[in-house]
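Novice: sequence first, predicted model second:
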2 protein chains.
Amino acid sequence: MTVTIYDVAREANVSMATVSRVVNGNPNVKPTTRKKVLATIERLGYRPNAVARGLASKKTTTVGAIIPDISNIFFSELARGIEDIATMYKYNIILSNSDSKKENELQLINTMLEKQVDGILFMGGNITDEHIQQFKTSSVPVVLAATYDSSNEIPSVNIDYELAAYEATKELVNNNENKQPAFVGSLRETVVNSLKYEGYVRAVRESNIEFNEDLVFTIDSSYDEGLAVAEKLIELDSKPSSVFVTSDEVAIGVIHGFQDRGHNVPEDIQVFGFDNTKLAKMVRPTLSTVVQPMYDIGAVAMRLLTKYMNKEEVTDKNVVLPHRLEKRDSTLSD
Amino acid sequence: MTVTIYDVAREANVSMATVSRVVNGNPNVKPTTRKKVLATIERLGYRPNAVARGLASKKTTTVGAIIPDISNIFFSELARGIEDIATMYKYNIILSNSDSKKENELQLINTMLEKQVDGILFMGGNITDEHIQQFKTSSVPVVLAATYDSSNEIPSVNIDYELAAYEATKELVNNNENKQPAFVGSLRETVVNSLKYEGYVRAVRESNIEFNEDLVFTIDSSYDEGLAVAEKLIELDSKPSSVFVTSDEVAIGVIHGFQDRGHNVPEDIQVFGFDNTKLAKMVRPTLSTVVQPMYDIGAVAMRLLTKYMNKEEVTDKNVVLPHRLEKRDSTLSD
DNA sequence: GTTAGAGTTAGAAACGATTCTATCCAGAAT
DNA sequence: ATTCTGGATAGAATCGTTTCTAACTCTAAC
């Protein structure tokens, strides 16, 4: 039924080895035989079987990507970066959602390894010792993308979350005669988020403001939670005049929460987001935010992974990409 | 180095066949030997090689998903639906972006087939005869998701785009004392879009309005294009008082384009979108739109594919999922 | 006219599973 | 006691490649 390399060999009067060489572009083939083989490949409609090749060569040209949730605009952008570079290097991606659940994550790593991927790209929330253990004993290289491992043992690509949050908070403090901005984020969820919190705290402390815990709001990360937290902010006795929010989606929720209750952004309250997803420009007022280059993180992470897979020398195993503040209309200009 | 089924067999004093039976849950194994084998698997840390299994069994439990752009909020939602059902049926997904380019699409189908996927899920713009040809001669089943093939030869999952557009347009006409709504969409791009256009035309014609071609705007599908087209609408002599837009993202651009120029939505102009991506609730005013169940389309398509892969009987090869209109604040209520 | 050596090619052994066929063995039936 | 039956198991072929080694061919040099 299906045409195999053997059929081609027989029809072209050469050995399987020669056909294999032709298919794989090995230069040690006489041009005339190459042409002959190519012709019979065409004639028979031969299509190499990547599974058999994978078994024989122990390479699948496939990498596994474990991602919290592909329907999240942040991760889908990241995934696109991964995919584009993967395509460039002739790899395919097996994509799986973990919902950031440790159990799923560990399970998925195992599945990927069974499928003999050549490498793994991991995005997730908390990296536990168990994760590290699995990564270190993995038979193939692993790279973390937008995922923080405090031990720095696993190769990774990130931005400096603490610094970025510090700068954003500082910006709000400066615009506000040294009033403490509120903080809205999902602390517990991930190490990345607690880094943002640390940056926020540092900026506040540095400004000689007496730190007010009441201005810190810990919520699940969603637009609706942002809407809801706006109400709490309004009801506060010491109502803040600015908020630093750890993600754009929540920040937009906060903005609308205020607007829906008759408050104006940025006049009554300034809002600073994080990520610069394309949503940031799709609100009124447009959202000031920390630019985190999602696409690039994915792309660089994939590129880094190819280096490991090719056993190339890697000079910078924990890459920190630049970030910047993009000031738009949800904050006041200096 | 790596532990194979043969190692397990030797250590457990059984044959490879028996180990294979244990691993695959074949009941014809004496409980005591099963236990013994399981123990040595555990002890040696044996992990089955899915590639070898794939070669021997001719099944990879992997399906290919060809998608225009995973970073597009519409498709990422669809992808999540696919993924969830795939996981449920123990399949993994190889995900690739085509950017809706025919050349990429055809190439990707070929790659997927080389990788011996058990089935293909295809999302794309225009299905050409060449596509159909490839699908029909494919060795594995293919299902289209949110992708229209006018010949209805290939299994597919869609909504009734013509009817949905008709209903949305009708709604606008009724709210507007029989004035013709403008149409903003990307006609040429896909068959799906021209179906929407047909629905729009039918609704207008049916209302005994003299059809005005000047109110039809054909643009590339993006937020920025939406912003831009708003200006053109404003400059129109016969300025419309409502617009039907074929996607939410563009619709939101249109809304903001009007707002940025001092016009109010829905008082000055009503806007109706299409898709009900999560963006629709994340604007002010919230966007009235056609609810297209992206997640469900993905999920149902994947489910349908499993049926074909299992050679189950399929009664409904071209599934049409229900849609509905969700009226929010960008249109006037009756 | 040998021979060396480079360039080509053939042959066969992996790769690590599944699966078909055959064998073995125990207990039931006669 | 012998035969029969069916559940367990073993053995070996197979899946479709890659890749190693050996051998062959041809030309150039001596």
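Specialist: That came through, no problem. Numbers count the residues shown, from 1 in each chain, chains lettered A, B, ... in the order given.

Novice: any regions of chain A where pLDDT drops low?
Specialist: Residues of chain A meeting the criterion pLDDT under 70: A:189, A:334.

Novice: up against DNA strand C, what does it have?
Specialist: Residues of chain A lying close to DNA strand C by Cβ under 7 Å from any atom of the strand are A:13-18, A:21, A:27-30, A:32-34, A:52, A:55-56, A:58. Any C-beta I mention is one placed from the backbone N, CA and C, and that applies to glycine too.

Novice: show me what contacts the closest residue to residue A:38 other than its chain neighbours?
Specialist: Nearest non-adjacent residue to residue A:38, counting by Cβ to Cβ, 6 or more residues apart in numbering or on different chains: residue A:22, 6.5 Å away. By Cβ atoms under 8 Å, 6 or more residues apart in numbering or on different chains, the contact set of residue A:22 is A:29, A:33, A:34, A:37, A:38, A:41.

Novice: check the residues of chain A next to DNA strand C against chain B, which are close?
Specialist: A:52, A:55 (Cβ under 8 Å from any Cβ of the partner chain).

Novice: PyMOL command for the buried members of the residues of chain A next to DNA strand C?
Specialist: Applied in PyMOL, the following selects the buried portion of the residues of chain A next to DNA strand C according to 16 or more other Cβ atoms under 10 Å in any protein chain shown:
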select buried, chain A and resi 14+18+21+29+33+34+52+55
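
Novice: quickly check: stretch A:297-317 near DNA strand D or not.
Specialist: No: using Cβ under 7 Å from any atom of the strand, stretch A:297-317 never reaches DNA strand D; the gap is at least 13.9 Å.

Novice: separation between the residue lying closest to residue A:221 once chain neighbours are set aside and residue A:220?
Specialist: Leaving aside its chain neighbours, residue A:221 sits nearest to residue A:186 (4.5 Å; criterion: Cβ to Cβ, 6+ apart). To residue A:220, residue A:186 is 6 Å away according to Cβ to Cβ, to the nearest Å.

Novice: same deal with residue A:44?
Specialist: Per Cβ to Cβ, residue A:44 is found 57 Å from residue A:220.

Novice: these two: who's more crowded?
Specialist: More neighbours surround residue A:44 than the other of residue A:44 and residue A:220, with 14 against 11 (other Cβ atoms under 10 Å in any protein chain shown).

Novice: my read: the more buried one touches residue A:11, true?
Specialist: Yes: look at residue A:44 against residue A:11 with Cβ atoms under 8 Å: they come within range, at 6.4 Å.

Novice: any idea whether residue A:289 is helix, strand or coil?
Specialist: strand (DSSP: H, G, I helix; E, B strand; the rest coil).

Novice: what about it, how many neighbours?
Specialist: 28.

Novice: can you tell me the SS state at the residue nearest to it when sequence neighbours are not counted?
Specialist: Once flanking residues are discounted, residue A:289 sits nearest to residue A:273: 3.7 Å by Cβ to Cβ, 6+ apart. On the three-state scheme (three-state DSSP), residue A:273 is labelled strand.

Novice: for the nearest residue to residue A:26 once chain neighbours are set aside, grab the count of nearby residues.
Specialist: Spatial nearest neighbour of residue A:26, excluding adjacent residues (Cβ to Cβ, 6+ apart): residue A:20 at 7.8 Å. When counting by other Cβ under 10 Å, one arrives at 17 neighbours for residue A:20.

Novice: ok, residue A:20 to residue A:150 distance?
Specialist: With distances taken as Cβ to Cβ, residue A:20 is found 47 Å from residue A:150.

Novice: quick one, what contacts the nearest residue to residue A:188 once chain neighbours are set aside?
Specialist: Spatially, and ignoring its direct neighbours in sequence, residue A:188 is nearest to residue A:218 (6.9 Å; Cβ to Cβ, 6+ apart). Residue A:218 makes contact with A:185, A:186, A:187, A:188, according to Cβ under 8 Å, 6+ apart.

Novice: ok, back up a step: is the helix or strand hosting the residue nearest to residue A:38 anywhere near DNA strand D?
Specialist: Here residue A:22 sits within helix A:16-23, counting by DSSP states H and E. Yes: Helix A:16-23 reaches DNA strand D (Cβ under 7 Å from any atom of the strand) through A:16, A:17, A:20, A:21, A:23.

Novice: run the angle between the next helix or strand after that helix and helix A:16-23 for me.
Specialist: Where DSSP H and E defines the elements, the next helix or strand beyond helix A:16-23 is helix A:31-44. Relative orientation of helix A:31-44 versus helix A:16-23 (axes from the mean of the first three to the mean of the last three Cα atoms, to 10 degrees): 90 degrees.

Novice: give me the contact list for the helix or strand following helix A:31-44.
Specialist: Remark: after helix A:31-44, the chain's next helix or strand is helix A:50-57, criterion DSSP H and E. Contacts to helix A:50-57, defined as Cβ under 8 Å, 6+ apart, come from residues A:60, A:61, A:116, B:49, B:51, B:52, B:54, B:55, B:60, B:114, B:115, B:116.

Novice: now, of the residues you listed, which are buried?
Specialist: Among those, the ones that count as buried by 16+ other Cβ under 10 Å are A:60, A:61, A:116, B:49, B:51, B:52, B:54, B:55, B:60, B:115, B:116.

Novice: right, and residue A:245 touches residue A:226 too?
Specialist: Yes: counting by Cβ under 8 Å, residue A:245 does reach residue A:226; the two are 7.0 Å apart.

Novice: looking at those two now, which is surrounded by more residues?
Specialist: Neighbour count, other Cβ under 10 Å: between residue A:245 and residue A:226, residue A:245 has more, with 32 against 28.

Novice: cool, thanks, talk later.
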